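**Student:** Turn this into a model:
(2 chains)
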Amino acid sequence: EVQLLESGGTLVQPGGSLRLSCAASGFTFSSYDMNWVRQAPGKGLEWVSSISGNGVITYYADSVKGRFSVSRDNSKNILHLQMDSLRAEDTAVYYCAKATCGSYCFSLDSWGLGTLVTVSS
Amino acid sequence: DIQMTQSPSSLSASVGDRVTITCRTSQSISGYLNWYQHKPGKVPKLLIYNVYNLYSGVPSRFSGSGSGTDFTLTISGLQPEDFATYYCQQTYRSPSAFGQGTKVTIK
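**Tutor:** Sure thing, here's the model as predicted:
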């Protein structure tokens, strides 16, 4: 059974940094692209970022490009999202999600429960 | 970037009704359109991938259609467990994007 468990969400001041993690199990982690999706309070889903199975290729939403960085450690089955220069509009529940394939893949078939990031002074 | 327009933003329906949700993209995305169901307090679930393919375990009352820039999710015979918010997603090109969502509530 696929399991994804996010951690690292907390209250942070505007301009601050935060690193989210997602521990994966139940599948061959390195064979699948992984994505981050967020949902701001009362809003819809917003795709944030994707990383290829081998960690070489990354993609970002325009809203986070240059501020967020996705990475993965395939030896530990962990996905990370480094978030810098945080803004109030980054406040959201952040979900880690497994893609259905391992190359340029954004279809998401398994999701974690999410971790809440609040950006506020 | 590809823009998504999903409609309606909400609808009210009764158990047994046929419900249709539409999704329009700002440019052709071939067959790279998915649909998700999201209930409060739960994680999103993949319902349909690549326009019309039912994901594993999804009831057959859900169906998808469309091509190019116009796509449709249909629920034939709405069930109590189907009241949720539905999102389309384009996976044709990065950045991927979701529609704004359609909240289906009980009439």
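**Student:** and chain B, which residues reach chain A?
**Tutor:** B:1, B:34, B:36, B:38, B:43-44, B:46, B:49-50, B:55, B:85, B:87, B:89, B:91, B:94-101 (CB under 8 Å from any CB of the partner chain). C-beta coordinates here come from the backbone N, C-alpha and C atoms, glycine included.
**Student:** Let me see the confidence value for residue 37.
**Tutor:** You didn't say which chain, so I picked chain A. We have a pLDDT of 98 for A:V37.
**Student:** try again with chain B
**Tutor:** The model reports B:Q37 with a pLDDT of 98.
**Student:** same thing with the one 5 residues further on?
**Tutor:** The predicted structure scores B:K42 at 96 on the pLDDT scale.
**Student:** One more: B:K107?
**Tutor:** The model's pLDDT for B:K107 equals 89.
**Student:** Spatially, and excluding backbone neighbours, which residue is closest to the most centrally placed residue in chain A.
**Tutor:** Nearest to the mean C-alpha position of chain A, by CA atoms, centre = their mean, lies A:W36 at 3.0 Å. In space, A:W36 comes closest to A:V48 once its chain neighbours are excluded; the distance is 4.2 Å by CB to CB, 6 or more residues apart in numbering or on different chains.
**Student:** Compute the number of surrounding residues for the one you found.
**Tutor:** Per other CB atoms under 10 Å in any protein chain shown, the neighbour tally for A:V48 reads 25.
**Student:** I'd like the next helix or strand past the host helix or strand of it.
**Tutor:** Secondary structure assignment for A:V48, by DSSP states H and E: strand A:45-51. Using DSSP H and E, the next helix or strand after strand A:45-51 towards the C-terminus is strand A:58-60.
**Student:** Which other helices and strands does that following strand contact?
**Tutor:** The contact analysis (3 or more CB pairs under 8 Å, 6 or more residues apart in numbering or on different chains; DSSP states H and E) places strand A:58-60 against strand A:45-51, strand A:68-73.
**Student:** list the contacts for B:Q90?
**Tutor:** Taking CB atoms under 8 Å, 6 or more residues apart in numbering or on different chains, we find B:Q90 in contact with B:I2, B:M4, B:T25, B:I29, B:Y32, B:L33, B:S96, B:A97.
**Student:** B:S96 and A:G9: what is the separation?
**Tutor:** 22 Å (CB to CB, to the nearest Å).
**Student:** Tell me which of those two has more neighbours.
**Tutor:** A count of neighbours by other CB under 10 Å puts B:S96 above the other of B:S96 and A:G9, at 26 against 17.
**Student:** Let me see the contact set for the more buried one.
**Tutor:** A:N35, A:W47, A:S50, A:Y59, A:F106, B:Q89, B:Q90.
**Student:** part of a strand, is B:G64?
**Tutor:** Yes - residue state for B:G64 (DSSP: H, G, I helix; E, B strand; the rest coil) corresponds to a strand.
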